[in-house]
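# What follows is a predicted structure for the sequence shown.
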Amino acid sequence: EKDKDGAIASCNVLGIRDKDGVLRGLRFPLEPGVEVLEAQDSTVISVLGITSGPNFAYMGKIEGREKINVFLDINKLLSRHICIIAKSGSGKRYTVGVLLEELLEKNIPVIVIDPHGEYSTLRFPNDNKTDLEVMPKFDIKPKGYLKQIAEFSPDISSNPGAIPLKLDIKNLNSRELINLLPAKLSNTQLGVLYSTLKNVDRKIDLNELMYQLELEENPSKWTLISIIEYLIKLDLFSNNPSALFEMVAPNRLSIINLKGVQQDVAEVIVYKL
């Protein structure tokens with residue numbers, strides 16, 4: 001808090017780094033009214049443990065410290081689950097976009113499941129005026145990744161620039177099929193389905209499955225038939241599915257664009273992928 005006599009700072013003490021760089025808690029509090037000095041850049045870098053190298057992703061700068069670049073260790077980042085959490089409008093999507101660009105720069109294969117079609121813009125250089133004005137501050141220039149990005153979608157009418165996404169039906173087993181069905185099945189319906197699957201070849205054909213269901217005498221079959229018809233109409237499954245080597249390859253970012261796709265259909269796609 002600043003006034004005419006100076007500034008007063010309230011601090012939470014995290015600890016002190018020993019000579020080996022290990023952060024340890026203080027055993028005693030600081031004196032009230034003690035003088036607080038602004039940390040030098042070298043101290044901030046040391047305390048935060050900021051390092052860089054060929055396998056690090058450049059994410060930006062410390063706010064208020066334009067000389068301190070922030071890098072994340074890609075090996076550590078990709079060997080664990082990570083989650084980016086912040087309030088609306090604070091830059092979560094932008095942060096993910098920066099990370100994806102850095103992974104592309106390192107030729108790391110990436111698949112993005114994109115519920116709202118937000119990451120297609122990575123194909124083209126950023127032309128946002130506000131962003132262009134601040135880019136020099138971060139020592140970056142607009143760049144597009146058109147040649148490195150492949151976009152797939154089950155709904156090419158809503159996403160006309162995408163490659164049609166087809167899922168593999170050839171190796172679909174009964175357990176997978178039950179998990180793929182976009183509806184909750186009752187125990188009776190599950191019983192009918194298991195009974196029918198015994199009469200179907202190990203490699204499931206949806207048309208053959210529907211025919212076998214029609215032969216069942218249990219009235220629960222009609223709900224199952226309507227669900228199977230729905231799956232067929234989705235035109236998601238094929239004997240010539242989208243090849244995995246097209247989706248996962250060095251220097252390739254594959255976007256699974258689910259914009260306009262119903263929630264239950266999206267869940268089927270994510271499960272099968």
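Good, I have the coordinates. This structure is a prediction, so every number in the text was calculated from the model and none was measured. Residues are numbered from 1 along each chain as shown.

# Could I get the full set of helices for the stretch 51-200 of the chain?
74-78, 92-105, 129-134, 174-180, 187-197 (DSSP state H, counting those that start in this stretch).

# now for the fourth one, which elements pack on it?
Using 3 or more CB pairs under 8 Å, 6 or more residues apart in numbering; DSSP states H and E as the contact test, the elements touching helix 174-180 are helix 187-197, helix 263-272. C-beta coordinates here come from the backbone N, C-alpha and C atoms, glycine included.

# Then the longest one?
In terms of contacts (3+ CB pairs under 8 Å, 6+ apart), helix 92-105 is packed against strand 56-62, helix 74-78, strand 110-114, strand 253-257.

# which one is I62 nearest to, not counting chain neighbours?
Here the nearest residue to I62 in space, its sequence neighbours aside, is I68; by CB to CB, 6 or more residues apart in numbering that works out to 4.4 Å.

# Could you dump the helices of the stretch 51-200 of the chain into CSV and include distance to G33, mean pLDDT and mean neighbour count?
Output for those, formatted as CSV (distance: least, CB to CB, whole Å; pLDDT from 0 to 100; neighbours: other CB atoms under 10 Å):
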stretch, distance to G33, mean pLDDT, mean neighbour count
helix 74-78, 40, 91, 13
helix 92-105, 39, 93, 16
helix 129-134, 39, 93, 10
helix 174-180, 64, 72, 14
helix 187-197, 71, 84, 16
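
# for these, which one sits closest to G6?
In terms of CB to CB, the element of the helices of the stretch 51-200 of the chain nearest to G6 is helix 129-134, at 32.0 Å.

# Return that closest one as PDB; C-alpha atoms alone will do.
Extracted in PDB, the C-alpha atoms of helix 129-134 (Å, rounded to 0.1, in the frame of the first residue of the first chain):
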ATOM      1  CA  LYS A 129      -4.400  -6.100 -33.800                       C
ATOM      2  CA  THR A 130      -4.200  -6.200 -30.000                       C
ATOM      3  CA  ASP A 131      -2.000  -9.300 -30.100                       C
ATOM      4  CA  LEU A 132       0.200  -7.900 -32.900                       C
ATOM      5  CA  GLU A 133       0.900  -4.700 -30.800                       C
ATOM      6  CA  VAL A 134       2.200  -6.700 -27.800                       C
END
